[in-house]
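Enquirer: here's a sequence, model it:
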Amino acid sequence: MSKLSFKELLDAGVHFGHLKRKWNPAMAPYIFEEKKGIHIIDLNKTIVHLDQANAAMKQIAKSGKKILFVATKKQAKDIVAERIKNVNMPFVTERWSGGMLTNFQTTRKSIRKMTSIDKMKSDGTWDTLNKREKLFKTRQREKLEKTFGSISDMTRQPAAIFIVDILKEHIALAEARRLNIPTFALVDTNSNPKLVDFPIPANDDASKSITIIIDEICKSIQEGLEERKFLKDNPEAAKQEAKASTENAEAEEVNEVKVEEKETVEPAAAEKTAKDEAPAKDEVKAEKAPAKKPASAKKAASAKKEPKAEKATAKKATSTKKEEKAEKAPAKKAAAKKPAAKKASAAKAEKEDK
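Expert: Sure thing, here's the model as predicted:
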């Protein structure tokens, strides 16, 4: 449970959100009410989410990994720089240069440039440079220090990233999400908490609100670092803790397996009942089938008779065609005889005239 009380959060103004017209509908579950046109954040949910974030941060710090803090707002800049230096974690408070995570190799090159200038000062090569070169190098060093000085110890990508105001630091959030880096953030009523893995609903504009939450997170990180140091000094305690963690993991796996078995047993039982019902249905169908056989026999008989009837009609049609041909043939003969009779009568008439 969080060490912060409800009253402490209330006094720090963590509950104040933005105007009603500026709200993000995704923040609806974390809003308690609306008062004088301003949304009020539910501090009970803030405490719950802060506990989850603290537990996760503690584990990351205990594993010896780095957490990157990003806060370029005027209200949060100095607060984050002061608190995070004590915990020895990387932070960005000036400007988030695009590709700081996605193009990390180029970022490392810039940090190497800065370290090479520092080496020149320690080696004695700095004295060999002329006045103009010295001025150029010092200006370059100052610029790199401003942008990358706080992350000079970060040799690899961070294990997690903590953001104050995800609307202002949207590029940092997008890069972290692209690289699947766990994200922690202070989320106000005008932000979308679904974009963050561990959202902490709180006022991200007031310096008091930012201070109280950053202090709580720094405490959890410090606890994780102290536990890590203790385990290094006492290897036996480390072994015992490793055993306990493995046992817990095994217990969780067993619980998951049991849940999966229950889920698989229920469908299997349903399939068995379905199979039992299927034979009963087949038996009912088999009983009904004999009653339908006579009808099928009649249909088969009628189907046999139909081809015979068709053949008989075909024979009748051929016989009628033959009769029609026979009737036409005598008519043709008669037509052929008529011209011959006319010729004979004409010949007789000519003889009589002569």
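Enquirer: burial check on residue 144, number of neighbours?
Expert: Close neighbours of residue 144, defined as other Cβ atoms under 10 Å, add up to 18. Every C-beta, even on glycine, is put in place using the N, C-alpha and C of the backbone.
Enquirer: which SS state does residue 153 fall under?
Expert: Of the three states, residue 153 takes coil according to DSSP: H, G, I helix; E, B strand; the rest coil.
Enquirer: now do the same contact list for it.
Expert: Counting by Cβ atoms under 8 Å, 6 or more residues apart in numbering, residue 153 makes contact with 88, 90.
Enquirer: any idea how far residue 79 is from it?
Expert: According to Cβ to Cβ, to the nearest Å, residue 153 and residue 79 sit 21 Å apart.
Enquirer: would you map the strands across this protein?
Expert: With strands called from DSSP state E, the chain shows them at 16-19, 31-35, 38-41, 67-70, 91-92, 160-164, 183-187, 198-201.
Enquirer: these into a markdown table, with extra columns for mean neighbour count and mean pLDDT?
Expert: Output for the strands of the chain, formatted as a markdown table (neighbours: other Cβ atoms under 10 Å; pLDDT from 0 to 100):
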| stretch | mean neighbour count | mean pLDDT |
| --- | --- | --- |
| strand 16-19 | 19 | 88 |
| strand 31-35 | 14 | 88 |
| strand 38-41 | 20 | 91 |
| strand 67-70 | 25 | 93 |
| strand 91-92 | 23 | 91 |
| strand 160-164 | 26 | 93 |
| strand 183-187 | 26 | 93 |
| strand 198-201 | 25 | 93 |
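Enquirer: can you give me the end-to-end span of stretch 156-166?
Expert: Start to finish, the residues bounding stretch 156-166 are 23 Å apart (Cα to Cα, to the nearest Å).
Enquirer: what does stretch 175-192 give?
Expert: End-to-end for stretch 175-192, by Cα to Cα: 16 Å.
Enquirer: what about the residue nearest to residue 219 when sequence neighbours are not counted, how many residues nearby?
Expert: Among residues not flanking residue 219 along the chain, residue 3 sits closest, at 7.5 Å (Cβ to Cβ, 6 or more residues apart in numbering). Here the count is done by other Cβ under 10 Å, and residue 3 has 11 residues near it.
Enquirer: what's the distance between residue 3 and residue 229?
Expert: 21 Å.
Enquirer: returning to what we had before: out of the strands of the chain, which comes closest to residue 128?
Expert: strand 91-92 (34.5 Å; Cβ to Cβ).
Enquirer: tell me, what's the model's pLDDT at the residue nearest to residue 219?
Expert: At residue 3, the model reports a pLDDT of 72.
Enquirer: please apply the same query to residue 295.
Expert: Looking at residue 295, its pLDDT is 40.
Enquirer: contacts only, for the spatially closest residue to residue 61 that is not a sequence neighbour.
Expert: The shortest distance from residue 61 to any non-neighbouring residue, by Cβ to Cβ, 6+ apart, is to residue 224 (3.0 Å). Applying Cβ under 8 Å, 6+ apart, we find residue 224 in contact with 57-62.
Enquirer: just the buried residues of these.
Expert: Buried subset of the contacts of residue 224 (neighbour count, 16 or more other Cβ atoms under 10 Å): 57-58, 60-62.
Enquirer: now the helices for the stretch 51-200 of the chain?
Expert: 74-87, 104-123, 131-148, 170-178 (DSSP state H, counting those that start in this stretch).
Enquirer: distance to residue 211 and mean pLDDT added to those, as JSON lines?
Expert: Formatted as JSON lines, the entries for the helices of the stretch 51-200 of the chain read as follows, by distance: least, Cβ to Cβ, whole Å; pLDDT from 0 to 100:
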{"stretch": "helix 74-87", "distance to residue 211": "5", "mean pLDDT": "89"}
{"stretch": "helix 104-123", "distance to residue 211": "29", "mean pLDDT": "88"}
{"stretch": "helix 131-148", "distance to residue 211": "24", "mean pLDDT": "89"}
{"stretch": "helix 170-178", "distance to residue 211": "21", "mean pLDDT": "93"}
